[in-house]
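[1] Sharing a sequence plus its predicted fold:
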Amino acid sequence: MIRLLAVCLLALASQLAQAALEASVDRTRLVEGEALELTLETPAAGRLSELDLSPLEEHFELQRTRQLSLVSQIDGKTTPVTRWVVTLMPLRTGFIVIPPVSLGSLQSQPISLHVLSAAQAAADSGAQLAPIFIDSEVDIEQPYVQAQVLLTLRIYHSVSLFDDSILSGLDIPNARVESLGPARHFERLLNGVRHGVIEVRYAIFAQQSGELEIPSQLFSATALQPGNGNNRSARSGRLIQVRSPSITLQVRPVPDSYPSGAPWIPAASLNLSQTWQPDPGIDLLSGEPLTRTLILTADGLNASQLPALQSLPGDVDHELRQYADQPQLQSRASDEGMHGVRHDSAALVALQEGSYTLPPVVVHWWNTREDRLETATLDAVMLNVSRSSEFTGPGGPLNFPASDPVLLWPWQLACALLSLALLYCLYWLRRTRLALGEYQLPEVEEHFDDTAQGNPLADLQAACRTNQPAEARKALELWARQQDSEGLIGLAHNYLELEEALDDLNACLFGRAHHNWRGKPLWRAVRMVIQSRRREAEQEQVSKPESLYPDV
């Protein structure tokens with residue numbers, strides 16, 4: 001009994017072994033941007049069986065899946081086998097595990113892979129570089145919050161590419177991304193092989209501290225394939241897609257040593273300056289405006305990240321007023337990053353005479369290059385203001401008596417009446433133009449003479465009135481032969497209007513024109529010919545000398 005049970009267990013184990021889902025790959029070490037093929041094979045499946053490939057989507061992009069039905073020899077027996085070939089593109093670099101794949105109750109075994117980055121592949125002389133691969137790098141891996149991080153993407157290709165290459169857009173949650181201009185193109189030698197390089201740069205500003213992942217970007221291009229020997233000019237392409245490695249940043253918060261309440265300004269460099277109009281060193285008059293412009297420039301920041309600057313704090317003497325203008329913001333992108341400029345202008349007006357002190361302007365900022373706190377300062381400014389109603393003369397201040405008030409209402413009333421009259425004229429002018437535009441006179445129809453029927457000229461008139469090109473051509477030829485011995489061609493050569501109308505008629509009849517033919521131009525040309533010939537005949541009669549010997 002025990003022996004029988006052991007035999008049954010061995011047979012069941014053999015069947016389970018044969019029914020296993022075996023997994024294999026064409027390689028376990030590859031460079032980023034390269035795809036690999038995962039082969040899954042089992043004899044316990046039919047053509048309608050479906051694999052559960054969803055576990056692969058976490059670390060791979062599924063590009064293509066093929067299912068094959070084969071016959072295999074297992075232990076000397078012919079057994080039908082179902083095989084799946086799945087093309088995978090790794091989404092990141094490093095060591096990656098292909099997870100088990102399920103087919104009903106069957107599962108494949110996991111497989112470990114090592115995906116090299118572009119830098120590792122370039123440093124490893126034994127590694128074979130892919131024809132197209134992409135590398136990414138940042139200038140700093142531990143930036144401060146809202147500070148600039150420069151991301152550089154370089155696409156290397158040792159094969160020629162069509163002009164359809166596309167790089168997916170960079171979108172990072174909790175961060176602002178600024179493009180630093182169009183892509184740059186140059187060449188570089190890698191392992192003795194000349195590669196074309198496409199370089200793209202971004203400026204990234206993290207909006208909160210903690211971990212920030214820069215996702216990988218997809219580059220798609222069509223690689224040029226050489227033509228075969230029979231047709232050297234034939235050109236074919238193969239679509240290639242590569243992904244850049246993702247990068248994780250450790251974003252640091254605002255340092256504890258930064259002044260409390262001061263705007264957070266993390267910049268590579270910062271400059272504070274000012275301009276005046278007029279010069280504050282001269283004596284000013286009360287009520288006269290003095291314009292001050294504070295200029296703040298910073299490398300590594302947008303203009304919108306720069307704080308507003310005020311010439312006067314809130315607790316300054318109320319006899320000195322400040323009227324601020326709209327700030328002017330300018331941001332410029334270059335290969336070195338963003339450059340922001342902010343202009344804050346304000347008009348300062350002193351209501352009374354005296355001396356006024358403008359406090360110093362202080363801007364605290366964090367130097368991201370030196371990793372330290374710095375301060376930009378403008379010194380305090382003293383303003384001397386005198387009364388605007390006093391003028392100094394040789395004998396001292398001169399006080400001019402106040403003159404009688406000038407009556408302004410007559411001038412105001414006259415200006416108001418003139419304005420109303422001008423508006424009234426503009427109103428009627430507009431109505432007249434609208435009326436002319438709406439009620440345009442219809443096109444004047446060409447008047448056709450009524451003549452007796454049964455002659456070529458009458459037939460031509462009827463054909464032109466009903467826009468029938470074939471009948472018009474036939475009547476025109478009959479009428480032309482009555483007018484000129486050379487016929488229609490000779491008559492058209494002598495009269496330009498008839499020649500142009502005849503060209504339009506021929507174009508319509510012989511298919512060179514793509515519009516409906518209208519008979520009015522032809523009939524107008526014929527009437528002009530008739531009138532011209534009539535005038536010529538009259539002139540000949542006038543110029544003909546009378547006979548010296550009239551008939552008796």
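    Alright, I've got the coordinates.

[2] Is residue 134 bridged to anything, and to what?
    When bridges are called by DSSP bridges, residue 134 pairs up with residue 155.

[3] pretty sure residue 211 contacts residue 249?
    Yes: counting by CB atoms under 8 Å, residue 211 touches residue 249, with 7.2 Å between them. To be clear about C-beta, it is placed using only N, CA and C from the backbone, and glycine gets the same treatment.

[4] quick one: contacts for residue 368?
    Residue 368 sits next to 140, 143, 144, 147, 148, 266, 267, 268, 300 when contact means CB atoms under 8 Å, 6 or more residues apart in numbering.

[5] Considering the residues you listed, which is situated nearest to residue 483?
    residue 148 (87.9 Å; CB to CB).

[6] quick one: contacts for the closest one?
    203, 204, 205, 266, 268, 300, 301, 337, 338, 368.

[7] pLDDT value on it, please?
    Per-residue confidence (pLDDT) for residue 148: 96.

[8] what about the helices in the chain?
    Along the chain, the segments classed as helices by DSSP state H run 2-18, 118-123, 409-438, 456-465, 469-483, 487-494, 496-509, 520-543.

[9] what about residue 254, how many residues close to it?
    Burial of residue 254, expressed as a neighbour count using other CB atoms under 10 Å, amounts to 15.

[10] what about it, distance to residue 110?
    44 Å (CB to CB, to the nearest Å).

[11] Next: residue 522.
    Taking CB to CB, one finds residue 522 at 88 Å from residue 110.

[12] Looking at the two now, which is surrounded by more residues?
    Higher neighbour count among residue 522 and residue 110: residue 522, with 25 against 12, using other CB under 10 Å.

[13] How about residue 362, nearest residue that isn't a chain neighbour?
    residue 377 (5.2 Å; CB to CB, 6 or more residues apart in numbering).

[14] Ok, residue 330 next?
    Nearest one to residue 330, counting by CB to CB, 6+ apart, is residue 341 at 4.4 Å.

[15] count of residues packed around that neighbour?
    16.

[16] Residue ranges of each domain in the protein, please.
    Domains of the chain are assigned by automatic domain parsing as 19-116, 121-227+235-251, 266-392, 456-540.

[17] Now do the longest one: distance to the chain's middle.
    In this case it means domain 266-392. 36 Å (CA atoms, centre = their mean, to the nearest Å).

[18] pLDDT on it, on average?
    The average of the pLDDT scores along domain 266-392 is 87.

[19] Same check on the last one?
    Taken as a whole, domain 456-540 carries a mean pLDDT of 83.

[20] Report how far apart the opening and closing residues of that domain are.
    End-to-end distance of domain 456-540 (CA to CA, to the nearest Å): 26 Å.

[21] How far off centre is it?
    56 Å.

[22] and what of the first one?
    When distances are taken as CA atoms, centre = their mean, domain 19-116 is centred 41 Å away from the chain's centroid.

[23] circling back: tell me which of the domains of the chain lies nearest to residue 258.
    domain 266-392 (6.3 Å).

[24] Any chance you could list what contacts stretch 247-266?
    Residues contacting stretch 247-266 (CB under 8 Å, 6+ apart): 136-138, 141-149, 151, 206, 208-214, 298, 300-301, 305-307, 363-366, 368, 373.

[25] Separate out the buried members of these.
    136, 143-149, 151, 206, 209, 212, 214, 298, 300-301, 305-306, 363-366, 368 (16 or more other CB atoms under 10 Å).

[26] phi, psi of the residue nearest the centre of the chain?
    Residue closest to the mean C-alpha point of the chain, counted by CA atoms, centre = their mean, is residue 182 at 11.3 Å. Note on residue 182: its backbone torsions stand at phi -70, psi 170 [degrees, to the nearest 10].

[27] picking up where we left off before, let me see the contact set for the residue nearest to residue 330.
    For residue 341, the contacting residues are 295, 296, 297, 303, 329, 330, 331, 332, by CB under 8 Å, 6+ apart.

[28] got a list of what the last one touches?
    Contacts of residue 332 were listed using CB under 8 Å, 6+ apart, and they are 338, 339, 340, 341.

[29] ok, and the most crowded of those residues?
    residue 338 leads these on contacts (other CB under 10 Å) with 23 neighbours.

[30] Go ahead and confirm that residue touches residue 302.
    Yes: with contact defined as CB under 8 Å, residue 338 reaches residue 302; the gap is 5.5 Å.

[31] Which residue ranges of the stretch 51-200 of the chain form strands?
    Remark: strands assigned in the stretch 51-200 of the chain by DSSP state E, counting those that start in this stretch are 60-74, 77-90, 94-98, 102-103, 106-107, 111-116, 132-138, 148-157, 166-167, 175-179, 184-190, 193-206.

[32] Rebuild those strands as CSV, extending it with distance to residue 244.
    Output for these, formatted as CSV (distance: least, CB to CB, whole Å):
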stretch, distance to residue 244
strand 60-74, 13
strand 77-90, 12
strand 94-98, 14
strand 102-103, 31
strand 106-107, 33
strand 111-116, 12
strand 132-138, 4
strand 148-157, 6
strand 166-167, 9
strand 175-179, 14
strand 184-190, 16
strand 193-206, 10
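
[33] Minimum distance to residue 483: which of those strands has it?
    Between those, strand 166-167 lies closest to residue 483; by CB to CB that is 70.5 Å.

[34] That closest one pairs with which strands?
    By DSSP bridges, strand 166-167 pairs with strand 218-225 (antiparallel).

[35] Any buried residues in the strand it pairs with, and which?
    218, 219, 221, 222, 223.

[36] Mind putting the domains of the chain into a markdown table with distance to residue 410?
    Shown next, in a markdown table, are the domains of the chain (distance: least, CB to CB, whole Å):
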| stretch | distance to residue 410 |
| --- | --- |
| domain 19-116 | 83 |
| domain 121-227+235-251 | 61 |
| domain 266-392 | 28 |
| domain 456-540 | 64 |
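
[37] ok, now which ones touch residue 495?
    525, 528, 529, 532.

[38] Kindly apply the preceding question to residue 187 instead.
    Here residue 187 is in contact with 194, 195, 196, 197 (CB under 8 Å, 6+ apart).

[39] before we move on, back to that, worst mean pLDDT among the strands of the stretch 51-200 of the chain?
    strand 60-74 (a mean of 78).

[40] Going by distance to residue 105, which of the contacts of residue 187 wins?
    The closest of the contacts of residue 187, once distances to residue 105 are taken by CB to CB, is residue 195, at 48.9 Å.

[41] Across the sheet, point out what pairs with that closest one.
    Beta-bridge partners for residue 195, by DSSP bridges, are residue 188.

[42] wait, isn't it in contact with residue 157?
    Yes: shown here, residue 195 and residue 157 form a contact pair, counting by CB under 8 Å, at 6.3 Å.

[43] ok, residue 284 - how many residues close by?
    So residue 284, with other CB under 10 Å, has 22 neighbours.

[44] For the residue nearest to it when sequence neighbours are not counted, give me its contacts.
    Computed as CB to CB, 6+ apart, the closest residue to residue 284 that is not its neighbour in sequence is residue 385, at 4.8 Å. Counting by CB under 8 Å, 6+ apart, residue 385 makes contact with 283, 284, 285, 286, 350, 352, 353, 354, 355, 356.

[45] So which of those is surrounded by the most neighbours?
    Within these, most neighbours by other CB under 10 Å means residue 350, with 24 neighbours.

[46] Would you check that that residue makes contact with residue 357?
    No: contact criterion CB under 8 Å: residue 350 and residue 357 do not qualify, at 11.8 Å.

[47] Any idea what residue 112 is bridged to?
    Beta bridges link residue 112 to residue 97 when assigned by DSSP bridges.

[48] contacting residues for residue 100?
    55, 107, 108, 109, 110.

[49] can you tell me how far the residue nearest to residue 41 when sequence neighbours are not counted sits from residue 20?
    Leaving aside its sequence neighbours, residue 41 sits nearest to residue 83 (CB to CB, 6+ apart; 4.6 Å). Residue 83 sits 14 Å away from residue 20, going by CB to CB.
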